[in-house]
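Asks: Just need the structure, nothing else, for what follows:
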Amino acid sequence: MPLTTAPSAMVVIKKDGTGQTGSMPQDRAQNYLVEIVTKRQMTEKVACVKQALTQAFDGGGKPTGKYTFQGHPVLHASSGNGQKSATLFFYDNAGTLMLFAMGEHDTSTKYKITIYGQKGTDFAQGKTISI
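Replies: Model (predicted):
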């Protein structure tokens with residue numbers, strides 16, 4: 001189910017469940033996510049990450065069908081195309097976005113977890129999901 005109100009903060013569940021950040025407003029979340037893609041030498045994704053994050057904070061997360069994470073329906077926000085894109089996977093926790101994976105478009109209905117993910121889930125690094 002899409003968000004009914006725009007969220008006010010984001011928490012990032014770190015790669016493979018190795019902890020999580022504190023609650024961050026959009027500007028701090030953006031700096032955090034840009035640092036992730038920059039450290040992974042994926043600077044071509046910076047603009048797409050920023051745009052997808054804005055979409056998420058504007059309440060524009062879209063359902064991912066049957067997918068859940070920790071019992072919550074998964075939403076995604078995406079920017080770009082098959083050549084250069086970024087997709088954020090998250091769920092809503094009472095107005096806080098809980099981001100747990102990042103990837104990119106594989107096709108118009110498939111997304112590959114390429115930036116980071118969660119071992120043992122549909123959102124593990126290298127997996128592809130179909131929406």
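Asks: Output the longest helix seen in the chain as CSV, restricted to C-alpha atoms.
Replies: Taking DSSP state H as the criterion, the chain has its longest helix at helix 26-39. Output in CSV follows, covering the C-alpha atoms of helix 26-39 (Å, rounded to 0.1, in the frame of the first residue of the first chain):
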residue,chain,number,x,y,z
GLN,A,26,16.0,13.9,4.0
ASP,A,27,19.1,16.0,3.7
ARG,A,28,21.2,13.8,6.0
ALA,A,29,19.7,10.6,4.4
GLN,A,30,20.7,12.0,1.0
ASN,A,31,24.3,12.6,2.2
TYR,A,32,24.5,9.1,3.7
LEU,A,33,23.2,7.4,0.5
VAL,A,34,25.4,9.5,-1.8
GLU,A,35,28.4,8.4,0.3
ILE,A,36,27.4,4.7,-0.1
VAL,A,37,27.4,4.9,-3.9
THR,A,38,30.5,7.1,-4.0
LYS,A,39,32.5,4.6,-1.9
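Asks: where do the helices sit along the protein?
Replies: Ranges of helices within the chain are 26-39, 46-57, based on DSSP H.
Asks: The longest one: which residues count as buried?
Replies: For helix 26-39, a neighbour-count test (16 or more other CB atoms under 10 Å) marks Gln26, Ala29, Gln30, Leu33, Val34, Ile36, Val37 as buried. C-beta here means a position set from N, CA and C on the backbone, and glycine is covered the same way.
Asks: In the beta-sheet assignment, what are the partners of the residue nearest to the spatial centre of the chain?
Replies: Nearest to the mean C-alpha position of the chain, by CA atoms, centre = their mean, lies Leu88 at 1.8 Å. Beta bridges link Leu88 to Ala77, Met102, judged by DSSP bridges.
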